[in-house]
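pasted the sequence and its predicted model underneath.
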Amino acid sequence: MRSTNLSLKIKEFEKKQILFAVISLIFLCAVAVVLNQLHLSSLAEESTKYLTRHISMGDRREIAIMLNQAHLSNFKVIRYISKNTEKNFTIPARADLENESNFGNIFNGKVTTEVRSVESSSDGDKIVYEYNRFRLIPYSFLIWIFLLLMSIPQFIYLKRKLVDQFEKDVETERKVAKAEIARIVRHNLRTPLAALNRVPDRLPDSLKDERDLVNAISNQIKDLVGQLDESKSQELSKKQDLNIYDTLLSAKQELKEIIPDQIDFKFDIEDIVSSDLVIHIPFELRSIISNMVLNSIEAIETKGKIVIKAYEYLDQLVIKISDTGWGIPSELINQIFEKDFSYNKEKGSGIGLHHAKQFIESWAGKIQVESLEGSGTTFTITLPVEDKASWFLPRIKIKEDSKIFVLDDQRSALMFWKQKLEEKFKELGVDSNPNERIQLFDKVEDFKSKSDSFDNGSIFLIDYDLGQDINGLDVLNSIPRPYIRCLVTGHFDDIEIRDECARSGIFLIPKSSIDKLVLV
């Protein structure tokens, strides 16, 4: 409907421009006719006055020459009419033989001047100058064409301005309608949302996961409702974050609750992702992943599988979302990111994937799709890793004189570290007993008793859960900063632990990454 209104406005604008062009052409032609008449009337008067002296002298030859020149330059016919018929003549002479039609009178104009001479016999003589009224019309037409060409850029500018103004009016209407919808939605959701916010406080500590889930869902609803408010939407669109690991954890927790029982769902996040700093908007990324999973659920008719994997590849974070649904035909694969395109969905709006592509590209990322009809679809999102968290330790630098202190209440973990470190000292060619370089402890008291042997080359690898009233962070914080202090834990996904490591200058090593840790 709005596009039809725009077309009508453009057509009306074009009609006005055409009418203006026609009127300007008529005006220029009329001006040309008037100017031609005024010019030739003046020229005829001047020519007649100039000829008066020659007429009085009877120099008919000079008169004829001058009138011929006037005829050739400006006039079609010049007639000298005298009481004495012997003086009469016409230039050109054949003009007396041509019968002038009424149609010809329309095109031809006449200027009659009286010849006054000192000779009384010349009094009453007249010279009639006949000319073409429309002689200057071709020049006025050329001027009109020139002005028309000059006005084309102005016409295009005005047309574009008309379209822009129409789009602004539509956008204003959209904002007004959106604000009204936002007001209604916020009003209707205020009471149930307030009730939902009170639920987590009533849940016992044994239901911590459920309480966190309700909080996450409540915050997600607040963010989604906030998008309906223009000012809030702009605020949220600028609310970028770098901690993508927590965003993925929230998405994982939310999705577990909406997956039907007949679908096998897996969401694997590589531990190393916890150290990745990636520009994104948390609630937008969660919405994008949720929308894709909902699409996958709709694409699975009975039983199936949905797998999400988040891992680090070179300097990119990769998120793969795969399903065993009905897939996408190859001829449609290039259209799925287009606005308003929807496939095999009765109520599909065609907004989700287009919206996802816009946001992912605004974060300097890419989204790709691979699909085999009847077998399933895989979406791959890649986002650049801007940096690593300050607590991240990609490798431990071990020298020949380094001393390693390991504290863990589990003997299996101590033996694993011992084997890994002994292999490294062997590579370094250390001939002395490695036990002098590697100190293993399963009790905090034994570890603290060796504090006198700490030196500048000491490296500390301490578990978080020590099975006592003290944890690994407490022990590491008691050791001065110049030392290389590393917290080894399976609780790397705890944001409080990560923040404390960052504040205290302590490196954090996920237990699952010990075997991948590089010793140099």
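Sure thing, it's come through. Residues are numbered from 1 along each chain as shown.

which strands border the helix or strand hosting residue 317, and is each parallel or antiparallel?
Assigned by DSSP states H and E, residue 317 falls within strand 316-323. Taking DSSP bridges as the criterion, strand 316-323 forms sheet pairs with strand 304-313 (antiparallel), strand 376-384 (antiparallel).

pLDDT averaged over stretch 65-82 - what is it?
On average, the pLDDT along stretch 65-82 is 73.

tell me how far the ends of it are from each other?
18 Å (Cα to Cα, to the nearest Å).

do the same with stretch 318-328
Stretch 318-328: ends 22 Å apart by Cα to Cα.

how deep is residue 65 tucked in, by neighbour count?
12 (other Cβ atoms under 10 Å). (C-beta placed from N, C-alpha, C; glycine too.)

and the next element down the chain from the helix or strand containing it?
Using DSSP H and E, residue 65 maps to helix 60-73. Note on helix 60-73: by DSSP H and E, the next helix or strand toward the C-terminus is strand 77-81.

can you give me how far that next one is from the chain middle?
77 Å (Cα atoms, centre = their mean, to the nearest Å).

which strands and helices lie in contact with it?
The helices and strands touching strand 77-81, judged by 3 or more Cβ pairs under 8 Å, 6 or more residues apart in numbering; DSSP states H and E, are helix 60-73, strand 89-91, strand 125-132.

so how far is residue 306 from the residue lying closest to residue 377 once chain neighbours are set aside?
Take residue 377 and drop its neighbours on the chain: the residue closest to it by Cβ to Cβ, 6 or more residues apart in numbering is residue 371, 4.1 Å away. As judged by Cβ to Cβ, to the nearest Å, residue 371 and residue 306 stand 14 Å apart.

ok, back up a step: now the strands paired with strand 316-323 as TSV including mean pLDDT?
Output for the strands paired with strand 316-323, formatted as TSV (pLDDT from 0 to 100):
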stretch	mean pLDDT
strand 304-313	94
strand 376-384	94
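
helices or strands up against the helix or strand harbouring residue 254?
Using DSSP H and E, residue 254 maps to helix 244-256. When contacts are defined as 3+ Cβ pairs under 8 Å, 6+ apart, helix 244-256 sits against helix 208-226, strand 263-269, strand 276-280, helix 282-299, strand 304-313.

hmm, who's touching that helix?
Identification of contacts with helix 244-256 by Cβ atoms under 8 Å, 6 or more residues apart in numbering yields 209, 212-213, 216-217, 220, 241, 265, 267, 269, 273-278, 280, 282, 285-286, 289-290, 293, 308, 310, 317, 319, 383, 493, 495.

now with 6 Å?
213, 216, 267, 269, 273-274, 278, 280, 282, 285-286, 289, 293, 310 (Cβ atoms under 6 Å, 6 or more residues apart in numbering).

in that helix, what counts as buried?
For helix 244-256, a neighbour-count test (16 or more other Cβ atoms under 10 Å) marks 244, 245, 247, 248, 249, 250, 251, 252, 254, 255 as buried.

again, but for stretch 397-408
Residues of stretch 397-408 classed as buried: 398, 402, 403, 404, 405, 406, 407, 408 (neighbour count, 16+ other Cβ under 10 Å).

sorry, back to before: can I get the buried residues of helix 244-256 in TSV including pLDDT and distance to residue 261?
Formatted as TSV, the buried residues of helix 244-256 follow (pLDDT from 0 to 100; distance: Cβ to Cβ, whole Å):
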residue	pLDDT	distance to residue 261
244	92	29
245	92	28
247	91	26
248	93	23
249	90	23
250	87	22
251	88	20
252	90	18
254	82	17
255	85	14
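
what is the nearest of these to residue 325?
residue 255 (15.9 Å; Cβ to Cβ).

check the gap between that closest one and residue 77 for me.
For residue 255 relative to residue 77 (Cβ to Cβ), the value is 98 Å.

what does residue 130 give?
4 Å.

what stretches of the stretch 151-300 of the chain score poorly on pLDDT?
By pLDDT under 70, the low-scoring segments of the stretch 151-300 of the chain are 175-199, 201-202, 205-210, 212-239.

can you tell me the closest non-neighbouring residue to residue 470?
Counting by Cβ to Cβ, 6+ apart, the residue nearest residue 470 is residue 444, at 5.8 Å.

can you get me a residue count around that neighbour?
Quick note: residue 444 (other Cβ under 10 Å) scores 20 neighbours.

tell me the confidence at it?
The predicted local confidence for residue 444 is 89.
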